[in-house]
Every structure is written in structure tokens, then in C-alpha cells.
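1. Sequence first, predicted coordinates after that:
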Amino acid sequence: MPIKPAVQINLTKEQYKTLVELVDLGQWMANAIRTKRIKKYDDMEQLVFSFTKQAGLQDCVDYDDEMKMYFLLREFEESTIFPLKEEYDDYTFWEELAHRLADRDMLKQFGEKELADMPKDEMNKVRDSLIRKYEDESVEHGIERLAIVSPKA
């Protein structure tokens, strides 16, 4: 007896293509940094990809008989997925760098005790100012002026 799905949704071809993109991006977000992958995300990606032929999206996904898995086709990945990943990586790199450098500078400038005692609004004001400084630097100079400075002995 076939398993009846708990939920059924009707999608246009374009909506399904968008779902394929989102599922791949989500699976990548969850698993790209892991040595032990989160299986439920891989499984969901495989399930969604398994309907691409039925949806008329053979130009997006292919099945590898040897591995018994679906994969995004390289052309589709390069034209659709990679640009989104690169944009995300670039943005999060600079944002995270600015925040971490600001936190480092605040700790150096004020110390743990003074920061713990500082009113939240004042601390946020100082932090935001430092973050803006590093964001402006990254916009103007990229990584050109980033350097590792050895501590003086």
C-alpha cells in the first residue's frame, strides 16, 4: 500500500525550480561546514530533486546511477546557485569580521569589568561606531590593508 503524503502542494514549473534552488541552498547551509552531515537535509534534497524530471526540469538536476543520487547539473549550479553562495559568503565575511574586530577593540579599550558595567545603550553606541569604522574600511579598501601584526617582545 503506497504511503500517502501528509501534505501535497501544487507548484508551477518556475515555483518548483525555485524550490530546488532553495532546498539546495538550505542543504548547503546546513552541511557545507560539517564532517558528519545532517542526513535529514540530504534526504529532503534527494526527495525534492527526485521530482525534477516529472516537473520538466531535466536541465537542472541529473541522477547518477552509480551513486544512486541526484545532483544539480554543473551549468545550472554555476548560473544560479554559485552566484548566490558567493554573494552570501562575501557579505557574511565582512559583516562577521567587522563585528569581531569591534568586540575585540571594545574589550581592549574598556576591559571585561568596565564593559559588564557599561549601560547597554552606551555599549551599543560604541560597538556600532566601531563596526561602521570596519565596514567603511572594507568598502573602501577590501582586504588590501588587513595584516597580521606580531606582538612586540
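-> Received, thanks. The model shown is predicted, which means the values in this text are computed figures rather than measured ones.

2. how is the chain carved up into domains?
-> 13-72, 85-141 (automatic domain parsing).

3. okay if I get those domains as JSON lines plus mean neighbour count?
-> (C-beta placed from N, C-alpha, C; glycine too.) Compiled in JSON lines, the domains of the chain are given as follows (neighbours: other CB atoms under 10 Å):
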{"stretch": "domain 13-72", "mean neighbour count": "14"}
{"stretch": "domain 85-141", "mean neighbour count": "13"}
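
4. Would you mind putting those domains into CSV with distance to A6 and mean pLDDT alongside?
-> As requested, the domains of the chain are arranged in CSV below (distance: least, CB to CB, whole Å; pLDDT from 0 to 100):
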stretch, distance to A6, mean pLDDT
domain 13-72, 13, 96
domain 85-141, 31, 96
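
5. Dump those to CSV, plus distance to K4.
-> Formatted as CSV, the entries for the domains of the chain read as follows, by distance: least, CB to CB, whole Å:
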stretch, distance to K4
domain 13-72, 15
domain 85-141, 36
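
6. Now the element after the longest helix along the chain, going C-ward?
-> As assigned by DSSP state H, the longest helix anywhere in the chain is helix 82-117. Taking DSSP states H and E as the definition, the helix or strand that follows helix 82-117 towards the C-terminus is helix 120-141.

7. follow-up on the earlier one: right, and the domains of the chain - which one's nearest I148?
-> domain 85-141 (13.1 Å; CB to CB).

8. Look up which residues are beta-bridged to D64.
-> When assigned by DSSP bridges, D64 has beta-bridge partners M69.

9. wait, doesn't it sit right on F49?
-> No - D64 lies out of contact with F49 (CB atoms under 8 Å); the separation is 11.1 Å.

10. Would you mind listing the residues touching both of those two?
-> 70-71 (CB atoms under 8 Å, 6 or more residues apart in numbering).

11. still on that earlier bit, what helices or strands is the longest helix of the chain leaning on?
-> Helices and strands touching helix 82-117, by 3 or more CB pairs under 8 Å, 6 or more residues apart in numbering; DSSP states H and E, are helix 13-31, helix 120-141.

12. Kindly present these as a markdown table, with separate columns for distance to D43.
-> Rendered in a markdown table, the data for the helices and strands packed on helix 82-117 read as follows (distance: least, CB to CB, whole Å):
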| stretch | distance to D43 |
| --- | --- |
| helix 13-31 | 9 |
| helix 120-141 | 38 |
